[in-house]
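Enquirer: Quick one: sequence plus predicted model below, questions after.
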Amino acid sequence: MKLPIKPPFLPMEAKSVRTIPTGPEWQYEPKWDGFRCLAFREGQAVELQSKAGQTLTRYFPELVAALLQLKAQKFVLDGEIILLIEGKLSFDDLLQRIHPAASRVAKLSQQHPAQFVLFDLLVDDRGRSLVERPFAKRRAALESFTTRYAKASATFVLSPATSEIPIARGWLKTMRGQLDGVVAKRLDLTYLSGERAMQKIKTLRTADCVVGGFRYLAGQKVVGSLLLGLYDSDGLLQHVGFTSSIEAASRAALTSKLEALIEPPGFTGRAPGGPSRWNSEKSTAWQPLRPELVVEVRYDHFTGHRFRHGTKFMRWRPDKAPRQCLIEQVERETDSPLRLLRESA
């Protein structure tokens, strides 16, 4: 019996909200700081797929080996690849795995083996698709699968889950800097591939943006700031702000990388503005880029269709496709404060 789901199969995602939803229909889980991954196994074939539908298989040979050691011969798992360094999650070390040299990947996989946090089961060990079943039943099936096949393995971790709102709020409060937030899932919801049908409450207000262009540092031939874009509902890349918090030591190498991607138009919707009474033609000149790079930034406010202040560079996101960087990540920020007050009353 062949798997009813084949890669690429986009995972169900979560939309950002400000507060944790409450009610008996919700279950809460930690939001892990790693790479989202769907793991497909059919006999002796294993495929690891990223959130964007790209393969991660060659970058995590230890996970492939661990999946092949499970007695179940067919299944599809949904989870998060994480890496612990001295007991703490390290996204920076996880990024090092996305390396073109197989020897480098093999060395890193032996030095710091990754783990796979499991939070959904899409195809069970009998090859049956579970995506049309409510999450409550999929979670029960996942717990049974983990107990039966993966309990003795240090590679696999069943994600904690709770229906108690104080516990979920406690995760946000006490695990700041380790967890990426909390995810709320409806127990009656089927698995909606590619849709933002869950809700996430992040410990930091962040957004994944496309780098649509850059500006050189004043008087120098090195990058000074990255120009950020988000796709709107019409598929246009809209300029929404910039980040200039780039480490000095990395500017030269980053400049070379960016210059290799220079190609107009950069932004297909709203573009960076021209000179004004506050700046010169030279200071506003920018280089358009092919929309290939994704960066995560931290921000304070998003109003008037842009970040109102310069954002803080957090990290590169090679695991995320540019087309997944949608303006809906921050669209609630443009809501009227009065509406938010009414909703919270």
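Expert: Sure thing, it's come through.

Enquirer: got the residue ranges for the helices in the stretch 151-300 of the chain?
Expert: Using DSSP state H, counting those that start in this stretch, the helices of the stretch 151-300 of the chain run over 165-174, 251-259, 281-284.

Enquirer: For Leu70, which of those is the nearest?
Expert: Nearest to Leu70, of all the helices of the stretch 151-300 of the chain, is helix 165-174, at 28.5 Å by Cβ to Cβ. Yep, even glycine has a C-beta here, placed from its N, CA and C like the rest.

Enquirer: count of neighbours near Gln96?
Expert: Using other Cβ atoms under 10 Å, Gln96 is surrounded by 14 other residues.

Enquirer: Sorry, wrong one. I was asking about Arg270.
Expert: 15.

Enquirer: again with Ala141
Expert: The burial count for Ala141: 19, using other Cβ under 10 Å.

Enquirer: same deal with Glu29?
Expert: Neighbours of Glu29 using other Cβ under 10 Å come to 21.

Enquirer: after whichever strand or helix holds it comes which helix or strand?
Expert: Using DSSP states H and E, Glu29 maps to strand 26-31. Downstream of strand 26-31, the next assigned helix or strand under DSSP H and E is strand 35-42.

Enquirer: Centre of the chain to that next one, how far?
Expert: 15 Å (Cα atoms, centre = their mean, to the nearest Å).

Enquirer: quick one: the helix or strand just after it to strand 35-42, angle?
Expert: Downstream of strand 35-42, the first helix or strand assigned by DSSP H and E is strand 45-50. With axes from the mean of the first three to the mean of the last three Cα atoms, to 10 degrees applied, the angle from strand 45-50 to strand 35-42 works out at 160 degrees.

Enquirer: ok and the next helix or strand after strand 45-50 relative to strand 45-50, angle-wise?
Expert: Following strand 45-50 in sequence order, the next helix or strand is helix 61-69 (DSSP H and E). Interaxial angle of helix 61-69 relative to strand 45-50 (the same axes, to 10 degrees): 130 degrees.

Enquirer: So which elements touch helix 61-69?
Expert: strand 35-42, strand 45-50, helix 102-111 (3 or more Cβ pairs under 8 Å, 6 or more residues apart in numbering; DSSP states H and E).

Enquirer: again, only using 10 Å
Expert: strand 35-42, strand 45-50, strand 74-82, helix 102-111, strand 115-123, strand 156-158 (3 or more Cβ pairs under 10 Å, 6 or more residues apart in numbering; DSSP states H and E).

Enquirer: Tell me which stretches of the stretch 151-300 of the chain form strands.
Expert: Remark: strands assigned in the stretch 151-300 of the chain by DSSP state E, counting those that start in this stretch are 156-158, 181-186, 196-202, 206-216, 223-231, 237-243, 287-288, 294-298.

Enquirer: For the last one, name the packing helices and strands.
Expert: Meaning strand 294-298. Right, strand 294-298 is packed against strand 206-216, strand 223-231, strand 237-243, strand 312-316 by 3+ Cβ pairs under 10 Å, 6+ apart.

Enquirer: I'd like to check the angle between the longest one and strand 312-316, please.
Expert: It refers to strand 206-216. Using the same axes, to 10 degrees: strand 206-216 against strand 312-316 is 100 degrees.

Enquirer: What pairs with strand 206-216, parallel or antiparallel?
Expert: Strand 206-216 has its sheet partners listed here by DSSP bridges as strand 223-231 (antiparallel), strand 287-288 (antiparallel), strand 294-298 (antiparallel).

Enquirer: domains of this structure?
Expert: 13-202, 206-334 (automatic domain parsing).

Enquirer: picking up where we left off before, closest one to Gly304 among the strands of the stretch 151-300 of the chain?
Expert: The nearest among the strands of the stretch 151-300 of the chain, by Cβ to Cβ, is strand 237-243 at 10.0 Å.

Enquirer: quick one on the thing from earlier: export the helices and strands packed on strand 294-298 to CSV and tack on mean neighbour count?
Expert: Shown next, in CSV, are these (neighbours: other Cβ atoms under 10 Å):
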stretch, mean neighbour count
strand 206-216, 24
strand 223-231, 24
strand 237-243, 23
strand 312-316, 16
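
Enquirer: I'd like these laid out as a markdown table, including mean pLDDT and distance to Leu192.
Expert: Converted to a markdown table, the helices and strands packed on strand 294-298 look like this (pLDDT from 0 to 100; distance: least, Cβ to Cβ, whole Å):
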| stretch | mean pLDDT | distance to Leu192 |
| --- | --- | --- |
| strand 206-216 | 95 | 20 |
| strand 223-231 | 96 | 20 |
| strand 237-243 | 95 | 25 |
| strand 312-316 | 93 | 28 |
